[in-house]
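Participant: Okay, sequence plus prediction incoming.
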Amino acid sequence: MTKENTLLSHLQTQGVSRRSFLKYCAVTASMLGLVPQEAKLLAHTLAVLPKPTVIWLSFQECTGCTESLTRSYDNSIENLILNYISLDYHHTLQVASGFAAEHARIQAMANASGQYVVMVDGSIPLLNGGAVSTIAGQSNLQMLRETVADAALVIAVGTCASFGGLPMADPNPTQAVSVQELMARGEIATKPIINISGCPPVPEVITGVVAYYLSYLEVPALDDYGRPQIFYGKTVHNCCSRLGHYEAGEFAQSFDDEGARNGHCLYLLGCKGPTTFNACTTVKWNGQTSYPMHSGHGCLGCAEPNFWDNGSFYSVLNSAPASGDGSTCTVPVIPTLP
Ligand code: SF4
Ligand code: SF4
Ligand code: F3S
């Protein structure tokens, strides 16, 4: 590997200073809950990281997951890393099309057999043998099966790929399933899999998980739904800016009443924050600008299985915790680039 082929050299050609890169690593390490010694290792490993082979497959999706990443905020290191890792094949971002695109995928699989990462957004339809959604003459199921066969890791990006999401909602007209469901049924090879749920997921969570895997070549601790505990270990309610009002019993009664304007809790307006596990209130959105409840709308529960069918977006939860869990809400400081 030449120095020119490393992640750090790639970022430097894009105008990212070494200092900014190290700040990014420090923030990522803090999000991942790493101790200082591990943070140093992460920075070193990422700096000398050769271009990893990542094949990104998009099936029954709305492109929201990719949009979330590419429009996270201008010229972020996250975007630059995404560009760096995903050049081999990405339905939405790649320049190549037709035979050239498929050739790139096959070539990438052959060159990095047993080592590449497959990232998937969207669910996989099984209706009519999968014929309802095809790419290059292959059903989504065939393409996923072929691509996963020699992969080292599969990352399901978004609630559609993780749990079926919107395409799987009742009456599930295409018989959509998630990636992990296909593994459970033996339809595709069983590989280590990480679910990064959310509709879409927080961009920094996606790149944070990728950075972790590339640095340690292992899967972080997962919860019962296959999501990294470091990002999905707490409910969004736990670190919500309206939590104090929740605990004080101060609730907005409508979206435009005095309480809502004063930041009161949106629980009575159907907020699903108390039962939704995600990093929205810690990592936040749009360059740490905000998150749904901060902007005045309740959480829809988009990171949880069956959130569309559970619906009731504006109905009060059947039960809710008395308060947050009392743990500290660490809010990482995302560095700005020069
Ligand atoms: Fe779109 Fe949401 Fe599915 Fe992502 S998870 S592809 S944003 S519907
Ligand atoms: Fe925030 Fe919703 Fe919890 Fe209220 S119920 S504190 S708005 S997450
Ligand atoms: Fe989704 Fe709730 Fe976050 S709707 S974006 S998990 S606040």
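Facilitator: Nice, I can see it. Ligands and ions are numbered 1, 2, ... in the order given.
Participant: Could you confirm G129 falls within a strand?
Facilitator: No: under DSSP: H, G, I helix; E, B strand; the rest coil, G129 falls outside any strand and is assigned helix.
Participant: Number of residues surrounding the closest residue to it other than its chain neighbours?
Facilitator: Leaving aside its chain neighbours, G129 sits nearest to S139 (6.6 Å; criterion: Cβ to Cβ, 6 or more residues apart in numbering). (Each C-beta comes from the backbone N, C-alpha and C, glycine too.) By the criterion of other Cβ atoms under 10 Å, S139 has 20 neighbours.
Participant: Now do the contacts for S139.
Facilitator: Contacts of S139 were listed using Cβ atoms under 8 Å, 6 or more residues apart in numbering, and they are 129-131, 133.
Participant: now do V219
Facilitator: Applying Cβ under 8 Å, 6+ apart, the residues near V219 are 153, 192, 194, 213.
Participant: Could you measure from it over to ligand 3?
Facilitator: Applying Cβ to the nearest ligand atom, to the nearest Å, the value for V219 to ligand 3 is 22 Å.
Participant: My guess is A221 contacts I230. True?
Facilitator: Yes: A221 is within contact range of I230, at 7.4 Å (criterion: Cβ atoms under 8 Å).
Participant: ok, back up a step: and which of the contacts of S139 is nearest to ligand 1?
Facilitator: S133 (13.0 Å; Cβ to the nearest ligand atom).
Participant: For the closest one, give me the pLDDT.
Facilitator: Looking at S133, its pLDDT is 96.
Participant: In terms of neighbours, single out the busier of A221 and I230.
Facilitator: I230 (18 against 10).
Participant: so the closest residue to G298 other than its chain neighbours, which of the three states?
Facilitator: Nearest residue to G298, sequence neighbours excluded (Cβ to Cβ, 6+ apart): C271, at 3.1 Å. Under three-state DSSP, C271 falls in the coil class.
Participant: So which of the contacts of V219 are in helices?
Facilitator: Of these, the ones assigned to helices by DSSP state H are Y213.
Participant: So which of the contacts of V219 are in strands?
Facilitator: With strands defined by DSSP state E, the entries of the contacts of V219 inside them are 153, 194.
Participant: who's in contact with A322?
Facilitator: E247.
Participant: Next, give phi and psi for it.
Facilitator: Note on A322: its backbone torsions stand at phi -70, psi -30 [degrees, to the nearest 10].
Participant: please begin residue numbering at 4 from this point
Facilitator: Sure thing, new numbering starts at 4, so read that last one as A325.
Participant: distance of it from V205?
Facilitator: As judged by Cβ to Cβ, to the nearest Å, A325 and V205 stand 27 Å apart.
Participant: and what of G247?
Facilitator: Per Cβ to Cβ, G247 is found 23 Å from V205.
Participant: Who has more neighbours out of the two?
Facilitator: With neighbours defined as other Cβ under 10 Å, G247 and V205 compare such that V205 has more, 24 against 14.
Participant: Buried residues in stretch 184-202, which are they?
Facilitator: For stretch 184-202, a neighbour-count test (16 or more other Cβ atoms under 10 Å) marks 184-186, 190-191, 194, 196-202 as buried.
Participant: Name the nearest of the residues you listed relative to E41.
Facilitator: Ranked by distance to E41 (Cβ to Cβ), the buried residues of stretch 184-202 are led by I197 at 18.8 Å.
Participant: which element is the nearest residue to that closest one once chain neighbours are set aside on?
Facilitator: Distances taken as Cβ to Cβ, 6+ apart place I158 nearest to I197, at 4.9 Å, with adjacent residues excluded. Here I158 sits within strand 156-160, counting by DSSP states H and E.
Participant: try Q256
Facilitator: If you go by DSSP H and E, Q256 is not part of any helix or strand.
Participant: which residues touch it?
Facilitator: Contacts of Q256 (Cβ under 8 Å, 6+ apart): 262, 271-272.
Participant: Tell me how far it lies from Q17.
Facilitator: Distance, Q256 to Q17, by Cβ to Cβ: 49 Å.
Participant: I196 now?
Facilitator: If you measure I196 against Q17 using Cβ to Cβ, the figure is 31 Å.
Participant: and what of T48?
Facilitator: 20 Å.
Participant: out of the two, which sits in the busier spot?
Facilitator: T48 (16 against 13).
Participant: in what helix or strand does the more buried one lie?
Facilitator: helix 39-50.
Participant: Other residues contacting that helix?
Facilitator: Contacts of helix 39-50 (Cβ under 8 Å, 6+ apart): 9-11, 24-25, 28-29, 31-33, 35, 37, 214-215, 217-219.
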